[in-house]
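K.L.:
Next comes the sequence, and after it the predicted model I'd like to discuss.
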Amino acid sequence: MTNLFDLKSKIALVTGASRGIGEEIAKLLAEQGAHVIVSSRKIDDCEAVARGIREAGGSAEAFACHVGRIEDIHAIFGHIRERHGRLDILVNNAAANPYFGHILDTDLASFEKTVEVNLRGYFFMSVEGGKLMRENGGGAIVNTASVNALQPGDRQGVYSITKAGVVNMTRAFAKECGPLGIRVNALLPGLTKTRFAGALFADQELYASAIGKIPLQRHAEPREMAGTVLYLVSDASSYTNGECIVVDGGLTI
């Protein structure tokens with residue numbers, strides 16, 4: 001019997017993997033046999049997740065990387081090239097959303113930070129990851145976007161704009177990198193219980209309004225996002241390229 005989700009011998013890099021959706025993605029890929037490089041801004045948080053994976057019988061290492069800093073991006077890919085010589089899977093999951101409020105009150109610093117991480121960071125992570133994959137005959141890239149890419153979130157203007165950019169970035173890379181054997185797809189999560197989405201859960205009126213629009217009548221747990229990523233990086237999705245899969249309980253129907 002062929003296991004379409006088998007990731008044994010694969011090298012995977014997951015950003016924003018110290019908690020939330022990224023942590024669950026890292027754990028699931030490791031469960032399927034991948035060696036996972038757990039990355040986020042703080043090395044201690046990364047190492048905690050990597051240690052948990054190893055204690056559960058998986059293979060993982062930690063490497064700090066702030067994707068909003070070009071020098072950090074170069075450092076992590078230099079490490080991967082030197083230690084592993086290749087990269088099979090890249091999950092761009094790190095994100096920034098420093099401002100929650102009316103779009104007219106968006107300050108420049110919040111705007112720049114959101115764009116640096118969510119657009120520039122994803123772009124150059126994909127460029128460097130794609131170069132490694134090109135050298136080794138292919139690979140799979142998954143970008144975590146958001147349903148806000150399709151329907152701007154209330155008081156989440158610039159974040160929603162960057163996530164819409166991630167959707168078209170995914171398609172642009174898929175179109176140009178497909179001939180190189182590199183598949184590029186995106187996950188668009190709906191309302192998920194993470195610390196990152198804390199502002200939404202803290203506002204009871206906004207939370208109740210959101211739940212009321214979801215046919216499943218509940219929010220998602222981070223683990224419920226990981227399965228879609230596993231599909232997108234595995235042989236199960238070998239002909240899936242440039243797709244943006246919405247996982248939102250039916251919110252955007």
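P.N.:
Perfect, thanks for sending it. Not measured: the values here are computed from a predicted model.
K.L.:
Counting by contacts, list what the lowest-mean-pLDDT helix or strand in the chain packs against.
P.N.:
Lowest mean confidence among the helices and strands of the chain (mean pLDDT, DSSP states H and E): helix 198-202, at a mean of 73. Here helix 198-202 touches helix 204-212, going by 3 or more C-beta pairs under 8 Å, 6 or more residues apart in numbering; DSSP states H and E. Where you see a C-beta, it was placed from the backbone N, CA and C, and this is true even at glycine.
K.L.:
helices and strands around the helix it packs on, which ones?
P.N.:
helix 198-202.
K.L.:
Quick one: distance of the helix it packs on to the chain centre.
P.N.:
20 Å (C-alpha atoms, centre = their mean, to the nearest Å).
K.L.:
any residues touching that helix, and which ones?
P.N.:
F100, G153, L191, K193, L206, Y207, A210, H219 (C-beta atoms under 8 Å, 6 or more residues apart in numbering).
K.L.:
Now flag whichever of these is closest to A145.
P.N.:
Closest approach between these and A145, by C-beta to C-beta: G153, at 12.3 Å.
K.L.:
which SSE is that closest one in?
P.N.:
Counting by DSSP states H and E, G153 is held by no secondary-structure element, helix or strand.
K.L.:
Check M225 too.
P.N.:
M225 belongs to helix 223-233 when assigned by DSSP H and E.
K.L.:
Tell me which helix or strand comes right after that helix.
P.N.:
Next along the chain after helix 223-233, taking DSSP H and E as the criterion, comes strand 244-247.
K.L.:
Report all helices and strands that that next one contacts.
P.N.:
If contacts are counted by 3+ C-beta pairs under 8 Å, 6+ apart, strand 244-247 sits against helix 157-177, strand 182-189, helix 223-233.
K.L.:
try 6 Å this time
P.N.:
Under the contact definition 3 or more C-beta pairs under 6 Å, 6 or more residues apart in numbering; DSSP states H and E, strand 244-247 sits against strand 182-189, helix 223-233.
K.L.:
Note down every partner strand of the first one and its orientation.
P.N.:
So that's strand 182-189. Paired neighbours of strand 182-189 in the sheet (DSSP bridges): strand 139-144 (parallel), strand 244-247 (parallel).
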